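Student: sequence? don't have it. structure:
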């Protein structure tokens, strides 16, 4: 009887370390050839499974697989494609089962956030109903750091490091010119419903007067008058004001400051630019000259300044996912467990997929200062070790060198399926 194959896919917004998880999966599977046959990767995530576009990772060299550990973005392609409930969309789940059966795939490892964990959980349920058991393991990933149970999420530590470094450097720039030029700088960061990324930027403010002076969190209702008073106070006291705002900043009624009026592929409100919105508000009400920036993809793609802790943890959860599958565990996700030691240390735990699917974890109120514009010492203690350490990619001719994969597809065995996209 042929050995069972493993299918791995990347989902949702990518990170600077998601490929480190892929590296952990593939290298660990190769070390267990007696139990795992081929490792297939989905071309563009779960869409690759639906279209039967499976990348044969055995065609990639040991060197290129190792290079994934320092390569940003999704090396096999990711997607924003949410499978609906089994009752509403059984056709797609049946298609997944057909592809898995055709290619003797008995292990399904899905690397993503809450929506992805939900998909893995549903596949595990359906496989049992179909009499073709598939071991489904979720692999945590999200820059937003909003998955529950796990102490933190791979991808977050590096984006946290990027935004903290960026606001420190931009703050110095503005400070040097504020006497005769820009007095207010606004940097917009990711975080639709949770302010973890914005909060991490607060690490840059180690002393009074350091940037950022103001942080706008989704967890704290935006108060225009209070905000403007704070801006004016900072300019008067320090000569300038540096602001970090989460894209999900909202009013007390729940409306986003940057609601663009549309919906994305997951049904989430499409957000516009909150940074220019705040900058214009400052200009109109206070008359200060301003500049603004949106970190956007730069913050999640910045592998050149990744957190050493983040890289290590991303690899570890990929490795653990394979080990869990081989141990017979099913419908679970490896978690990062912070140990209660004086010096930061962590280990790997686990949680049922049912407990993390579609659940978001907001920043606790105790991490945000009383005035709602900064982070507490407790937050600093949480954030600091997650951005610690440097793990630079190799450079040549002044530029980082990343993995270059063949991405050779296996031969199709089923009729075409062209529903997505």
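Tutor: Received, thanks. All of these numbers come straight from a predicted model, not from anything done at the bench.

Student: could you pull out the strands in the stretch 1-150 of the chain for me?
Tutor: Taking DSSP state E, counting those that start in this stretch to define them, one finds strands in the stretch 1-150 of the chain at 5-10, 39-42, 54-56, 105-112, 135-140.

Student: what does the first one contact?
Tutor: Think strand 5-10. For strand 5-10, the external contacting residues (CB atoms under 8 Å, 6 or more residues apart in numbering) are 18, 22, 25-26, 29, 36-42, 45-46, 48-49, 54, 57, 74-78, 100, 103-112, 141, 322, 325. In this view, the C-beta of every residue, glycine as well, is placed from N, C-alpha and C.

Student: next: the shortest one.
Tutor: With CB under 8 Å, 6+ apart as the contact definition, strand 54-56 has outside contacts at 7, 38, 40-43, 48, 76, 99, 103, 405, 407-410.

Student: now, of the residues you listed, which are buried?
Tutor: Buried members of the contacts of strand 54-56, scored by 16 or more other CB atoms under 10 Å, are 7, 38, 40-43, 48, 76, 99, 103, 405, 407, 409-410.

Student: now for the contacts of strand 54-56: which two are most distant?
Tutor: Farthest-apart pair in the contacts of strand 54-56 is 99 and 405; separation 21.1 Å (CB to CB).

Student: lowest confidence element among the helices and strands of this protein?
Tutor: Lowest mean confidence among the helices and strands of the chain (mean pLDDT, DSSP states H and E): strand 259-263, at a mean of 52.

Student: what's near enough to touch the spatially most central residue of the chain?
Tutor: Centre of the chain computed as the mean C-alpha position; nearest residue by CA atoms, centre = their mean is residue 142, 2.1 Å away. Counting by CB under 8 Å, 6+ apart, residue 142 makes contact with 12, 13, 15, 112, 113, 114, 153, 155, 156.

Student: ok, now with 6 Å
Tutor: Taking CB atoms under 6 Å, 6 or more residues apart in numbering, we find residue 142 in contact with 113, 153, 155.

Student: the first one contacts residue 14, correct?
Tutor: So the one you mean is residue 113. No: when contacts are counted by CB atoms under 6 Å, residue 113 is not listed as touching residue 14 (11.2 Å).

Student: what's the nearest residue to residue 64 if we skip its chain neighbours?
Tutor: In space, and not counting its chain neighbours, residue 64 is closest to residue 403: 5.1 Å by CB to CB, 6 or more residues apart in numbering.

Student: the residue nearest to the centre of the chain and residue 388, how far apart?
Tutor: Computed as CB to CB, to the nearest Å, the residue 142 to residue 388 distance reads 20 Å.

Student: just how off-centre is the top helix by length along the chain within its chain?
Tutor: Counting residues, the longest helix found in the chain (DSSP state H) is helix 156-177. Its chain's C-alpha centre and that of helix 156-177 lie 19 Å apart, by CA atoms, centre = their mean, to the nearest Å.

Student: what number of residues lie near the closest residue to residue 317 other than its chain neighbours?
Tutor: Spatial nearest neighbour of residue 317, excluding adjacent residues (CB to CB, 6+ apart): residue 334 at 4.6 Å. Residue 334 has 27 neighbours, counted by other CB atoms under 10 Å.

Student: and the nearest residue to residue 389 once chain neighbours are set aside, how many residues sit next to it?
Tutor: Nearest residue to residue 389, sequence neighbours excluded (CB to CB, 6+ apart): residue 308, at 2.3 Å. Residue 308: 16 surrounding residues under other CB under 10 Å.

Student: so what's the residue count around residue 347?
Tutor: Other residues near residue 347 come to 12 when the count uses other CB under 10 Å.

Student: that one: what's it in contact with?
Tutor: By CB under 6 Å, 6+ apart, the contact list for residue 347 reads residue 337.

Student: give the helix, strand or coil label for it.
Tutor: At residue 347 the chain is in strand, as set by DSSP: H, G, I helix; E, B strand; the rest coil.

Student: equivalent analysis for the one 3 residues further on, please.
Tutor: With three-state DSSP as the basis, the three-state label of residue 350 is strand.

Student: list the residues that contact it.
Tutor: Residue 350 neighbours (CB under 6 Å, 6+ apart): 332, 334.

Student: is it bridged to anything, and to what?
Tutor: residue 334 (DSSP bridges).

Student: distance check, it against residue 102.
Tutor: From residue 350 across to residue 102, the span is 30 Å (CB to CB).

Student: look at residue 360 and give its secondary structure.
Tutor: Under three-state DSSP, the three-state class of residue 360 is coil.

Student: tell me the pLDDT of the spatially closest residue to it that is not a sequence neighbour.
Tutor: Using CB to CB, 6+ apart and skipping residues adjacent in sequence, the residue nearest residue 360 is residue 146, 4.5 Å away. At residue 146 the predicted local confidence, pLDDT, stands at 93.

Student: again with residue 253
Tutor: Per-residue confidence (pLDDT) for residue 253: 93.

Student: number of nearby residues for it?
Tutor: Residue 253 is flanked by 6 other residues according to other CB under 10 Å.

Student: just to revisit the earlier point, next, the angle strand 135-140 makes with the longest helix of the chain.
Tutor: Angle, helix 156-177 to strand 135-140, by axes from the mean of the first three to the mean of the last three CA atoms, to 10 degrees: 10 degrees.

Student: following the chain past helix 156-177, name the next helix or strand.
Tutor: strand 184-189 (DSSP states H and E).

Student: strand partners (parallel or antiparallel) of that following strand?
Tutor: For strand 184-189, pairing defined by DSSP bridges yields strand 241-246 (parallel), strand 290-294 (parallel).
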